[in-house]
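Visitor: Predicted model follows, preceded by the sequence.
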Amino acid sequence: MNGAVEECIQAKEVIIRTGKGPAYLLNNGYCELFESDQKERLKRSGWVFYTIEDGQDLTGHVFALWGLAFKPESDDMREAPSIVIVHELTKRGAKCRAFDPKATETAKRVFEGNDGISFESSEYTALSNTDALILVTEWKEFQSPDFDEMKSRMKEPVIFDGRNQYNAQMLQTAGFTYYQIGC
């Protein structure tokens, strides 16, 4: 049986037994447990870990996250995909360097006790010595970044774009490895 289907069945059993469950297990779109808006949110956050290394140990890897809030122009962290992404990455041994223009103080409370995440003063300082960038929230500040500056700060020029915000062909021409949702 497909491992994703097994995860879905296990999650469904937890939900039936307890009334709640580890929704982050549903990272592939196969499971039909939730309403469509919930499934879409889970697929968007789950897509990142599936693409990165589907369950593998990420010890020694460092990821920059741009955007922590559920939506831009807000510090609202309720149901934010960043919560699931940070949890999964740090659970697998990775470190996260995060920047959000408004939600940093809220995020510090949400991630209290998680030593795998640090909060940076700018989007570019979050990129220093990272293996990849994960774009989580589509803030205006992130729409037209200095890609040369980004590339110079990163160990590897890899972008996981959770918002389909950038031009794939332009980034590939510039030497980035670029992943988008649905592509």
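Guide: Yep, that arrived. Numbers count the residues shown, from 1 in each chain.
Visitor: Tell me the helices and strands packed up against the helix or strand containing residue 170.
Guide: Mapping residue 170 onto the secondary structure by DSSP states H and E places it in helix 168-173. Secondary-structure packing of helix 168-173 (3 or more CB pairs under 8 Å, 6 or more residues apart in numbering; DSSP states H and E): strand 177-180. Glycine gets a C-beta too; all of them are placed from N, C-alpha and C.
Visitor: Show me the contact partners of the helix holding residue 170.
Guide: Judged by CB atoms under 8 Å, 6 or more residues apart in numbering, the contacts made with helix 168-173 from elsewhere in the structure are 147, 159, 178, 180, 183.
Visitor: quick one, strands of this structure?
Guide: 62-66, 95-99, 117-119, 132-135, 158-161, 177-180 (DSSP state E).
Visitor: Buried residues in the last one, which are they?
Guide: It refers to strand 177-180. Counting neighbours by 16 or more other CB atoms under 10 Å, one finds that the buried residues in strand 177-180 are 178-180.
Visitor: just checking, what packs against that strand?
Guide: Secondary-structure packing of strand 177-180 (3+ CB pairs under 8 Å, 6+ apart): strand 158-161, helix 168-173.
Visitor: any idea which of the contacts of helix 168-173 is closest to residue 109?
Guide: Each of the contacts of helix 168-173 was scored against residue 109 by CB to CB, and residue 159 proved nearest at 28.0 Å.
Visitor: quick one: contacts for that closest one?
Guide: Taking CB under 8 Å, 6+ apart as the test, what residue 159 contacts is 132-135, 166, 171, 176-179.
Visitor: Report pLDDT for it.
Guide: At residue 159, the pLDDT value in this model is 93.
Visitor: Tell me which helix or strand in this structure has the weakest average pLDDT.
Guide: Considering only helices and strands, the least confidently modelled element of the chain by mean pLDDT, DSSP states H and E is helix 3-18, at a mean of 42.
Visitor: For burial, what's the neighbour tally of the closest residue to residue 121 other than its chain neighbours?
Guide: Distances taken as CB to CB, 6 or more residues apart in numbering put residue 99 closest to residue 121, at 7.5 Å, once the chain neighbours are dropped. One way to gauge burial is a neighbour count; for residue 99, by other CB atoms under 10 Å, it gives 25.
Visitor: for residue 99, what are its contacts?
Guide: By CB under 8 Å, 6+ apart, the contact set of residue 99 is 64-67, 119-123, 125-126.
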